[in-house]
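Trainee: Let's see this in three dimensions:
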Amino acid sequence: MKRYWSSILVVLLVAAGIATYAFAGATDHLPEYKLETVQGDPKEAEGFALSGFYGGRKYSEYMKVDTNGTWYDSRHENMREMLFGMDWLYSRSDVAELVSKHRSFMRGKKQPEHLYADEQSVIHVSEAYDNGGEGGGKKLTLELSVLDRSTGQVQQWKTETEVNLSGPYLYSFIQDVQRIGDDVHVMVTYLTRNDEQAWFDYRLGLTSGELLSANPVGLSGNDESGSPAARIESVMAPDLLTDSSEYVVLIANESSDEPKNDPVQDGQTARVDADSGEPESVEKYYSYSYRTGKTAAVPESFTKETNERDPSFMIVSGNELIRAHRGDSGVRIDRYSLEAEKQTVSLQIAAKELGGASIGQIRMEGDRAYVLVQGSSPTAAVLDTRNGELLYLGKAAYQGPAELEADEMSYLDLDNIEINGY
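Mentor: Residues are numbered from 1 along each chain as shown. Take a look at the predicted model:
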């Protein structure tokens, strides 16, 4: 059978070429749009796109518009992509830069949470977890790879440690990798089939690969039954590989002790679920310091949602927790220092200052907020979350005959933001 594979592959590639040609003929009528700069530096909009649908002539087509022009889904759906696929990870600017400069080291490394990069080094950690089966001891193997970016030299170490967990924890996942001085911190979560979780901060020597410590990560305090008062559900770490932080944010669920003025539940001392009658859980946030191993509560005044139907968007960048919230008439941006344990920035930017009537969506990455502004035409804005400065403003514009502009703009429905392809 093997001798036929080359012939089959040739036939498929020929079919791909024919399919691509057919697609091109079917989609060459689609109009072109582009983000045209109104204000600021177009470089600030690199990797930033507005996405949605073109809906003209009883035809709907998924599309993206950026400063380079228009991307239509059908123009990129061909047999070659169906056969070989496209890796979304490599559309990220931080990963793409590492792949272009260090292709050999980056080969096969497709999980961004396993990576860390700075000017000196690129660090990758992989894990292999042995849950011990029935009655066996649990073990975790961590493999540390460090690339010296100036010399290209790669060092690798492997270390094994026992996992001191008594429950049926079956899986492990790396959530974050950070370099703090000469240490590499690896945040690992263990998971049961019932979604019970345990968290550990493993500290490795950067130049030796030696396991220096294994710190269980948890929240102190118990409820009336003696159970932990809060359960960590997830960890928020910087999205960018090059965004170094000494902190992660732990997102926990705990029982609410807030009274609720509800006639049905009058007399309750705590909020309860109307269906189950059980205490209602609330989401709370805590910082965890890799350097000290300590946790601290982030004030609810900073994290509590003011509009449950339109939740805010939060990220960790550097040693700060940043929150962006869209209101009816503008954007609010707040920053909280995890190191100083205090709010450092609170900004209000009106939609009209960004050339529109309302805010469609907000995304953030690093110190940048990317905003979709709705008005006479979809508008893209880039803000500096440190001071609210408008760095870029661009409008989606039709690239074609003036007499068709009104119709073609009416078919344009852009209601999402994409940053670096996701």
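Trainee: which residues does Val125 bridge with?
Mentor: On DSSP bridges, the residues paired with Val125 through beta bridges are Leu144.
Trainee: That one and Gly293, how far apart?
Mentor: Per Cβ to Cβ, to the nearest Å, Val125 is found 19 Å from Gly293. Any C-beta I mention is one placed from the backbone N, CA and C, and that applies to glycine too.
Trainee: Looking at these two, which one has more neighbours?
Mentor: When Val125 and Gly293 are compared on other Cβ atoms under 10 Å, the one with more neighbours turns out to be Val125, at 23 against 14.
Trainee: neighbours around the residue lying closest to Leu219 once chain neighbours are set aside, how many?
Mentor: Counting by Cβ to Cβ, 6 or more residues apart in numbering, Ala230 is the residue found nearest to Leu219 once chain neighbours are left out, at 4.4 Å. Neighbour count of Ala230, defined by other Cβ under 10 Å: 23.
Trainee: In this structure Ala230 contacts Ser281, no?
Mentor: No: in this structure, Ala230 is not within contact of Ser281 by Cβ atoms under 8 Å, at 9.2 Å.
Trainee: contacting residues around Gly69?
Mentor: Going by Cβ atoms under 8 Å, 6 or more residues apart in numbering, Gly69 touches 32-34, 399.
Trainee: quick one: which of those is nearest Leu393?
Mentor: Leu393 lies nearest to Lys34 out of the contacts of Gly69, by Cβ to Cβ, at 14.3 Å.
Trainee: Sheet-wise, list the partners of the helix or strand where that closest one lies with their directions.
Mentor: For Lys34, the host element (DSSP states H and E) is strand 33-40. When pairing is defined by DSSP bridges, strand 33-40 lines up against strand 390-398 (antiparallel).
Trainee: if we look at the partner strand, which residues are touching it?
Mentor: With contacts defined as Cβ under 8 Å, 6+ apart, strand 390-398 is touched by 31-42, 44-45, 50, 65, 67, 353-355, 368, 377-384, 404-405, 408-409, 412, 414.
Trainee: From those, which land in helices?
Mentor: Using DSSP state H, the members of the contacts of strand 390-398 that fall within helices are 404-405, 408-409.
Trainee: Generate a PyMOL selection restricted to the buried subset of the residues you listed.
Mentor: Per 16 or more other Cβ atoms under 10 Å, the buried members of the ones in helices among the contacts of strand 390-398 correspond to this PyMOL selection:
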select buried, resi 408+409
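Trainee: Closest one of the ones in helices among the contacts of strand 390-398 to His185?
Mentor: Met409 (50.0 Å).
Trainee: Would you mind confirming that that closest one is in contact with Gly375?
Mentor: No: contact criterion Cβ under 8 Å: Met409 and Gly375 do not qualify, at 11.9 Å.
Trainee: which SS class is the spatially most central residue of the chain?
Mentor: The centre of the chain sits closest to Asp239, judged by Cα atoms, centre = their mean, with a distance of 5.2 Å. Here Asp239 is recorded as coil under DSSP: H, G, I helix; E, B strand; the rest coil.
Trainee: In contact with it, which residues are there?
Mentor: Residues counted as contacts of Asp239 (Cβ under 8 Å, 6+ apart) are 112, 315, 365.
Trainee: can you check Leu241 too?
Mentor: 94-95, 98, 112, 115-117.
Trainee: Much appreciated, bye for now.
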